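Q: What shape does this take:
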Amino acid sequence: MTWLTFSGSSDQSGADFAQAIQRFAFQNHVDRDDEWVARYAATCFTGNALLWYSDLDQDTQSSWRKLRAAILRRYPPEPAVGIGPWELIAPPSSRSPSNRSSVMGSPSRVLRGYIEVATDDTGIVLGVLSLGILDHIAIRSQSREAIQVTFEPSPAARDPLRLRMAASEPHLGFFGISLVAPDQSTGRVPPELSGQRYPILSNVCNGPTNDMATEILATWALLECSEGPDGPGAETKFPRAVASSFVWRYETSTRELHLTWSSDGADSKLGAFVHKGSASCLHLHRLRDAAQCPHELTLEQRVRFYFQPMSS
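A: Below is the predicted model of the structure:
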């Protein structure tokens with residue numbers, strides 16, 4: 001058996017390593033065995049890459065589909081261009097050569113970067129989060145169009161946090177969600193969210209989801225807003241529109257960002273979706289709704305958000 005070695009050093013590419021794993025699996029007729037390929041890949045890690053791998057959750061370690069996406073996020077082939085200059089910025093009192101060499105993700109450091117969007121099933125990168133039509137947040141392929149974001153990681157990976165963005169207006173600067181209502185007369189519905197090929201968009205946000213063909217699936221769009229209270233109340237650029245605040249959770253091992261929205265004291269995990277086979281029509285559903293109404297999502301594909309920091 002051929003044994004590959006991957007340490008994550010600067011002269012090694014995560015994309016090349018993933019391709020080598022897939023070619024080996026194909027040659028040995030096991031490329032369709034997701035768990036086997038993941039177990040083989042685990043034997044290839046050494047050095048810092050092995051330390052990184054050991055911190056991954058069990059689901060990621062046991063699935064090549066998920067592990068491959070994590071590898072490509074953690075060890076990108078080359079730095080993105082056109083966004084910088086980026087650096088990891090420490091508070092003024094702690095800026096020193098010794099502190100700048102500390103492990104990324106320390107609570108004393110503010111991370112700067114952008115958010116990359118990849119498909120859930122294959123890990124293919126679709127683009128970056130960018131201000132789109134009507135200032136709702138969309139996916140763009142050019143990294144120079146990415147929204148610049150900053151945040152301070154929490155000591156606990158699952159602790160909630162807020163991301164700041166380089167906003168178009170001074171009083172804005174945070175991510176919010178806005179309900180996409182069926183009524184287009186307000187001018188607040190992005191055109192790409194109102195096509196006939198999509199489920200009827202809803203203002204039904206609370207209560208259980210009824211798994212019926214006539215049930216309306218609650219749908220939100222991402223947009224920039226002010227730092228409002230938890231729940232509705234954040235200001236937007238639209239005179240008659242308000243946004244709901246939500247919190248992010250950051251997994252340092254994979255750099256994935258998760259969204260959680262609170263309503264009436266209950267937390268709901270949100271998932272991001274696009275039109276299947278494309279990067280258009282970025283929107284959000286509650287994951288529990290999506291699980292209960294799969295027939296509503298036949299034309300949609302789930303995507304995931306990954307933070308991409310850049311060091312100077």
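
Q: For Glu251, grab phi and psi.
A: Geometry field for Glu251 lists phi and psi as phi -100, psi 110, criterion degrees, to the nearest 10.

Q: what does Phe24 give?
A: Residue torsions, per degrees, to the nearest 10, at Phe24 are phi -60, psi -40.

Q: Over to Glu300?
A: Taking degrees, to the nearest 10, you get phi -120, psi 160 for the backbone angles of Glu300.

Q: lowest-confidence helix or strand of this protein?
A: Of all the helices and strands that make up the chain, helix 97-100 has the lowest average by mean pLDDT, DSSP states H and E, namely a mean of 36.

Q: could you point out which element follows it?
A: Next in sequence after helix 97-100, counting helices and strands by DSSP states H and E, comes strand 111-119.

Q: Show me the strands paired with that following strand, marking each as parallel or antiparallel.
A: Sheet pairing of strand 111-119 (DSSP bridges) gives strand 125-131 (antiparallel), strand 149-151 (antiparallel), strand 300-309 (antiparallel).

Q: Now that strand - C-alpha only, CSV.
A: Backbone C-alpha positions of strand 111-119 (Å, rounded to 0.1, in the frame of the first residue of the first chain) are rendered in CSV as follows:
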residue,chain,number,x,y,z
LEU,A,111,-9.0,38.2,13.5
ARG,A,112,-9.4,40.0,10.2
GLY,A,113,-10.5,38.3,7.0
TYR,A,114,-13.5,37.4,4.8
ILE,A,115,-16.1,34.7,4.6
GLU,A,116,-15.8,32.0,2.0
VAL,A,117,-18.8,30.0,0.9
ALA,A,118,-18.6,26.3,0.0
THR,A,119,-21.1,23.6,-0.8
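
Q: can you tell me the average pLDDT over it?
A: When pLDDT is averaged over strand 111-119, the result is 90.

Q: Columns distance to Asp267, mean pLDDT and mean neighbour count on top of the strands paired with strand 111-119, output as a markdown table?
A: Placement of C-beta: from N, CA and C, glycine included. Conversion of the strands paired with strand 111-119 to a markdown table gives the following (distance: least, Cβ to Cβ, whole Å; pLDDT from 0 to 100; neighbours: other Cβ atoms under 10 Å):
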| stretch | distance to Asp267 | mean pLDDT | mean neighbour count |
| --- | --- | --- | --- |
| strand 125-131 | 23 | 88 | 21 |
| strand 149-151 | 19 | 89 | 18 |
| strand 300-309 | 18 | 90 | 20 |
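
Q: can you tell which of these is closest to Val110?
A: Of all the strands paired with strand 111-119, strand 149-151 sits nearest to Val110, with 5.5 Å by Cβ to Cβ.

Q: What are the contacting residues of the next helix or strand after the closest one?
A: In the C-terminal direction, the helix or strand that comes right after strand 149-151 (DSSP H and E) is strand 164-165. Applying Cβ atoms under 8 Å, 6 or more residues apart in numbering, the set of residues contacting strand 164-165 from outside is 147-151, 173-175, 224.

Q: Assign Ala49 to helix, strand or coil.
A: Per DSSP: H, G, I helix; E, B strand; the rest coil, the secondary structure class of Ala49 is helix.
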